[in-house]
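>>> With the input below, show me the fold.
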Amino acid sequence: MDEAKGIIALDIDGTITKDHIITDEVVDFLTRLHDEGWVIFLITGRTFNYAEQSVGKFNIPFYLGINNGSDIIRMSDKENIFHQYLDIESIEAIDKAFDGLPEDFLLYTPFEEAESCYIRPHNFSALIHKRLRHVHALSTVDWTEMTDFKFPPGFSSPVAKYFVERKEIPKFQERLSKKPPFTYSIIDDPIDSNLAVIMLTHKHVDKGKGLYFLSNYLQLPMTIGGGNDLNDLPLLAAATIGISVSDAPRELKEQADIICPSAKENGMIEGIGRALARLR
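The predicted structure follows:
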């Protein structure tokens, strides 16, 4: 690797994946950029277990942000260099904020603790139950069924995930407009277009703050950020140059400095190339 030039920070799903898999073309392209001195930072809403299934193709040192930036991991030695989690008070605030609304949320434990998931199955409809069975199969982490979320002192969770039908989102947005003591983002479900995922993290966690942290940690102010959904808004805002794929929501494309073809066309390769040309 040449002398470090800066950081290229990219979302995974819908940004650099085709059929939920990072393509060989993208892996080869990012490997060349690493060799030229760019630090690669993949930052995703996925848990560690699920993200690791996709990033195993890389044979270079890189950084991985999971759960929208709740953890940042140096993958060369799997050292967790940053984490910020929901505490019991925050989890109780989530419960209160969504009381009486359809469905429920899942709670995940940190990846250092053999990453597992807590679920209250009686709170879910048949439709969401079906989707969660698919989530469980993909993640391969242990799931623990509970009647209620009662945890010992000191318990913390990197992320809560709420799967809900898209038609119900306005009800949630009304509750979330009251400035809750946590960060949230609403994204498209990557599997079922009729569903959305509400991701809930510590109030000081989002992808942009993750990029700021790594930039300061490595003393590399030059950054490129790329994404495809609303949880990538802070990432593009934090980057020196932000890139959106063409099939992203309008709000993300408005935030972007560059709009590139979709992930199905490996469009981020073109987008990053255009960003690098601007920086020369």
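>>> And the spatially most central residue of the chain, what's its pLDDT?
Nearest to the mean C-alpha position of the chain, by CA atoms, centre = their mean, lies G45 at 2.0 Å. On pLDDT, G45 comes in at 93.
>>> Would you enumerate the residues in contact with it?
G45 sits next to 13, 67-68, 159, 185, 187, 197, 199, 231 when contact means CB atoms under 8 Å, 6 or more residues apart in numbering. For the C-beta atoms, the positions are set from N, CA and C on the backbone; glycine is no exception.
>>> Give me the buried subset of those.
Those of the contacts of G45 that meet the buried threshold are 13, 67-68, 159, 185, 187, 197, 199, 231, by 16 or more other CB atoms under 10 Å.
>>> tell me the two of those that are most distant?
Maximum pairwise distance in those, criterion CB to CB, is 15.0 Å, between D13 and V159.
>>> Can you get me a residue count around E79?
9 (other CB atoms under 10 Å).
>>> Look up how far I43 lies from the residue nearest to it when sequence neighbours are not counted.
Nearest residue to E79 in three dimensions, chain neighbours excluded: I73, at 6.9 Å (CB to CB, 6 or more residues apart in numbering). According to CB to CB, to the nearest Å, I73 and I43 sit 10 Å apart.
>>> Between the two, which is the more surrounded one?
A direct count of neighbours by other CB under 10 Å for I73 and I43 places I43 higher, at 30 against 22.
>>> Surely the more buried one and Y212 touch.
No. Applying CB atoms under 8 Å, one finds I43 not in contact with Y212, separated by 11.7 Å.
>>> which residues are in contact with both of I73 and I43?
64-66.
>>> how about a markdown table for those, with pLDDT, secondary structure and neighbour count added?
Converted to a markdown table, the shared contacts of I73 and I43 look like this (pLDDT from 0 to 100; DSSP: H, G, I helix; E, B strand; the rest coil; neighbours: other CB atoms under 10 Å):
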| residue | pLDDT | secondary structure | neighbour count |
| --- | --- | --- | --- |
| L64 | 98 | strand | 23 |
| G65 | 98 | strand | 29 |
| I66 | 97 | strand | 30 |
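>>> Now flag whichever of the residues you listed is closest to V55.
Nearest to V55 among the shared contacts of I73 and I43: L64, at 6.4 Å, using CB to CB.
>>> Spell out the secondary structure type for the closest residue to the closest one other than its chain neighbours.
Nearest in space to L64, with sequence neighbours left out and distances taken as CB to CB, 6+ apart, is I73 at 4.8 Å. The three-state label given to I73 by DSSP: H, G, I helix; E, B strand; the rest coil is strand.
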